[in-house]
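Trainee: Sequence and predicted structure below; questions after.
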Amino acid sequence: MSKRPLAERRGRGPFEGTKDDIAQAFGWRHTAFESGARTLQTMGVLKLQIWQGRGEASKAKVLFLEHPLERLLRKTLQDQGRDKTVSVGGRGKRVKNIEIGRLREVARRYGYLPEEVDEALELLALRQYVERQPDGTVQEFAGALDVDELRHQAQQIEERLSRLAVHFPDGLRSYESLLREAYEYLTNPEDEIALDMAQRKLRELQVRLEEFIKGRARELMNQLAGLEHDLERRSSDLEPRELEQQITGAV
């Protein structure tokens with residue numbers, strides 16, 4: 001679940017794929033996932049919207065849901081948490097902070113066990129709502145994406161694409177399209193989900209661009225090796241003739 005886009009983790013959009021795709025995201029085989037999904041639906045953290053077909057032709061769609069205990073813990077953090085200043089990217093950011101013991105105390109009034117509070121906190125951390133601290137407290141997620149840093153990354157990639165376009169004018173269209181998508185997401189700097197998508201697009205673009213460059217480098221090396229082999233062959237063909245001419249001339 002941690003590798004899925006933030007929008008999916010927070011239940012803003014469904015996770016779609018084959019049965020195996022979704023089951024593997026949970027570390028299960030799809031047959032085991034079907035059983036586990038029923039339990040998760042009963043718990044109120046998952047909604048199985050589509051689950052049909054077999055193998056690669058199968059279709060599946062699930063929606064992650066926020067459990068009532070998660071909502072309770074988030075509300076308690078906001079209502080009863082203390083303000084705390086943390087450093088994010090060299091800047092100070094104010095977040096709410098509260099003892100886990102206090103959250104367990106509030107949850108117990110609603111019939112929840114300490115173990116259930118711990119499980120809910122794990123889900124909230126996966127959804128990037130909170131962070132557990134070594135001192136036994138929980139605070140709001142402070143690692144918010146820095147729009148300025150993402151814009152800087154996008155500009156660096158744009159400059160790199162411009163240099164490559166001089167040599168490969170027709171081979172970069174898909175990369176340029178990805179970059180445009182990233183820039184579109186960056187027009188919403190206050191939207192965490194948009195920034196998460198921008199970061200994902202930039203990461204994908206960086207990986208694909210590295211693969212493109214390595215591929216072109218391999219092609220160039222193969223061409224050079226071919227030229228070297230061709231030159232050696234031509235040299236070996238010419239040397240006996242030159243030697244024969246030298247001997248003939250001496251006679």
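Mentor: Looks like it arrived, so ask away.
Trainee: Which stretches in the stretch 1-150 of the chain count as helices?
Mentor: 6-9, 19-25, 30-43, 68-80, 100-108, 114-126, 147-165 (DSSP state H, counting those that start in this stretch).
Trainee: got CSV for those, with mean pLDDT too?
Mentor: Written out in CSV, the entries for the helices of the stretch 1-150 of the chain read as follows (pLDDT from 0 to 100):
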stretch, mean pLDDT
helix 6-9, 88
helix 19-25, 89
helix 30-43, 85
helix 68-80, 96
helix 100-108, 98
helix 114-126, 96
helix 147-165, 89
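Trainee: Distance to Arg132 and mean neighbour count added to the ones you listed, as a markdown table?
Mentor: Where C-beta positions appear, they are placed from N, C-alpha and C, glycine not excepted. What follows is the helices of the stretch 1-150 of the chain, written out as a markdown table (distance: least, CB to CB, whole Å; neighbours: other CB atoms under 10 Å):
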| stretch | distance to Arg132 | mean neighbour count |
| --- | --- | --- |
| helix 6-9 | 17 | 20 |
| helix 19-25 | 23 | 18 |
| helix 30-43 | 21 | 14 |
| helix 68-80 | 12 | 17 |
| helix 100-108 | 7 | 17 |
| helix 114-126 | 6 | 17 |
| helix 147-165 | 25 | 14 |
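Trainee: Can you check which of those helices gets nearest to Gln139?
Mentor: helix 68-80 (8.0 Å; CB to CB).
Trainee: how about JSON lines for the helices of the stretch 1-150 of the chain, with distance to Glu204 added?
Mentor: Below are those laid out as JSON lines (distance: least, CB to CB, whole Å):
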{"stretch": "helix 6-9", "distance to Glu204": "15"}
{"stretch": "helix 19-25", "distance to Glu204": "17"}
{"stretch": "helix 30-43", "distance to Glu204": "26"}
{"stretch": "helix 68-80", "distance to Glu204": "30"}
{"stretch": "helix 100-108", "distance to Glu204": "36"}
{"stretch": "helix 114-126", "distance to Glu204": "21"}
{"stretch": "helix 147-165", "distance to Glu204": "11"}
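Trainee: which one of those lies closest to Arg218?
Mentor: When these are compared by CB to CB, helix 147-165 sits nearest Arg218, at 15.6 Å.
Trainee: other SSEs contacting the closest one?
Mentor: Identification of packing neighbours for helix 147-165 by 3 or more CB pairs under 8 Å, 6 or more residues apart in numbering; DSSP states H and E yields helix 173-185, helix 192-250.
Trainee: What lies in contact with it?
Mentor: Helix 147-165 is contacted from outside by 89, 172, 175-176, 179, 182-183, 186, 189, 195, 198-199, 202, 205-206, 209, 212-213, using CB atoms under 8 Å, 6 or more residues apart in numbering.
Trainee: what about dumping the CA coordinates of the longest strand belonging to the chain to CSV?
Mentor: Longest strand in the chain by number of residues, with DSSP state E as the criterion: strand 91-99. Coordinates of the C-alpha atoms in strand 91-99 are reproduced here as CSV (Å, rounded to 0.1, in the frame of the first residue of the first chain):
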residue,chain,number,x,y,z
ARG,A,91,12.0,25.9,7.1
GLY,A,92,10.0,25.9,10.3
LYS,A,93,6.6,24.3,10.1
ARG,A,94,4.0,24.1,12.9
VAL,A,95,2.3,20.8,13.5
LYS,A,96,0.1,19.2,16.2
ASN,A,97,1.7,16.7,18.6
ILE,A,98,0.1,14.4,21.2
GLU,A,99,1.1,11.5,23.4
